[in-house]
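Enquirer: the amino acid sequence is not available; the structure is as follows:
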């Protein structure tokens, strides 16, 4: 593995290239997911936050795994793969249960998990699992149906699941790349040593 920032820049280049290859274009993974309407509806800058979280994860991966043994890297790859599957699945369930899209504008918003007293009085049998019919009566305003606290907690939970998924993905891909870059350097070094008289 190359020392210092040179090796980290190589890791970033490889990560960017692998991300581009994975989505079949020139965009990084979070940008492609945003275009596919998979990103959380809140906050508006989620793609930028995701890119920052991925960069921080890569910094940790590079710092702690650049000299790690194969067995350690394998364990981290398995764990990060499992976490990616779990966080990704839970994220998709949360998005399907706790977000809605306004039919006319196609804007997406987050629901809450606790109804306001007015909504509970009107929709007592359905609260807090209100759908588009109930939202239509409230002009698609979530604040009129769910408490502000429950909406805020739901937003944070969805964003946390999203970021955890991408951090796990970054650790998985970054760990693989760091180890492979180190292996290829060792092979080149051994090859040069074998050629010397």
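Expert: The structure has been received and is ready for your questions. Computed from a predicted structure; not experimentally measured. Numbering: from 1, shown residues only.

Enquirer: top helix in the chain by residue count?
Expert: Among the segments of the chain that qualify as a helix by DSSP state H, the longest is helix 148-195.

Enquirer: quick check: mean pLDDT across that helix?
Expert: Mean pLDDT, helix 148-195: 82.

Enquirer: now the residue most central in space within the chain, nearest residue through space, not along the chain?
Expert: Centroid-nearest residue in the chain, with Cα atoms, centre = their mean: residue 166, separated by 2.8 Å. Leaving aside its chain neighbours, residue 166 sits nearest to residue 50 (5.2 Å; criterion: Cβ to Cβ, 6 or more residues apart in numbering). For the C-beta atoms, the positions are set from N, CA and C on the backbone; glycine is no exception.

Enquirer: let me see the contact set for that neighbour.
Expert: For residue 50, the contacting residues are 30, 39, 162, 163, 166, by Cβ atoms under 8 Å, 6 or more residues apart in numbering.

Enquirer: just the angle between the helix or strand hosting it and helix 148-195, please?
Expert: Per DSSP states H and E, residue 50 falls inside helix 46-65. Interaxial angle, helix 46-65 versus helix 148-195 (axes from the mean of the first three to the mean of the last three Cα atoms, to 10 degrees): 40 degrees.

Enquirer: can you list the low-confidence ranges for this structure?
Expert: Within the chain, the stretches with pLDDT under 70 are 1-6, 11-12, 14-36, 183-197.

Enquirer: what's the separation between residue 67 and residue 178?
Expert: 9 Å (Cβ to Cβ, to the nearest Å).

Enquirer: between the two, tell me which one has more neighbours.
Expert: Higher neighbour count among residue 67 and residue 178: residue 178, with 28 against 10, using other Cβ atoms under 10 Å.

Enquirer: test my guess that the more buried one contacts residue 65.
Expert: Yes. Look at residue 178 against residue 65 with Cβ atoms under 8 Å: they come within range, at 4.8 Å.

Enquirer: looks to me like residue 126 is in a helix.
Expert: No. Secondary structure of residue 126 (DSSP: H, G, I helix; E, B strand; the rest coil): coil, not part of a helix.

Enquirer: excluding covalently adjacent residues, which one is nearest to it?
Expert: Spatial nearest neighbour of residue 126, chain neighbours left out: residue 134 (6.6 Å); criterion: Cβ to Cβ, 6+ apart.

Enquirer: so what touches the helix or strand harbouring the one you found?
Expert: Element membership of residue 134 [criterion: DSSP H and E] is helix 132-137. Residues outside helix 132-137 that contact it (Cβ under 8 Å, 6+ apart): 100, 103, 119, 123, 126, 141, 142, 145.

Enquirer: for the residues you listed, pick the one with the most neighbours.
Expert: Using other Cβ under 10 Å as the neighbour test, these are led by residue 145, with 24 neighbours.

Enquirer: how about that one: what's its closest non-neighbour residue?
Expert: Nearest to residue 145 is residue 119, by Cβ to Cβ, 6+ apart, at 4.4 Å.
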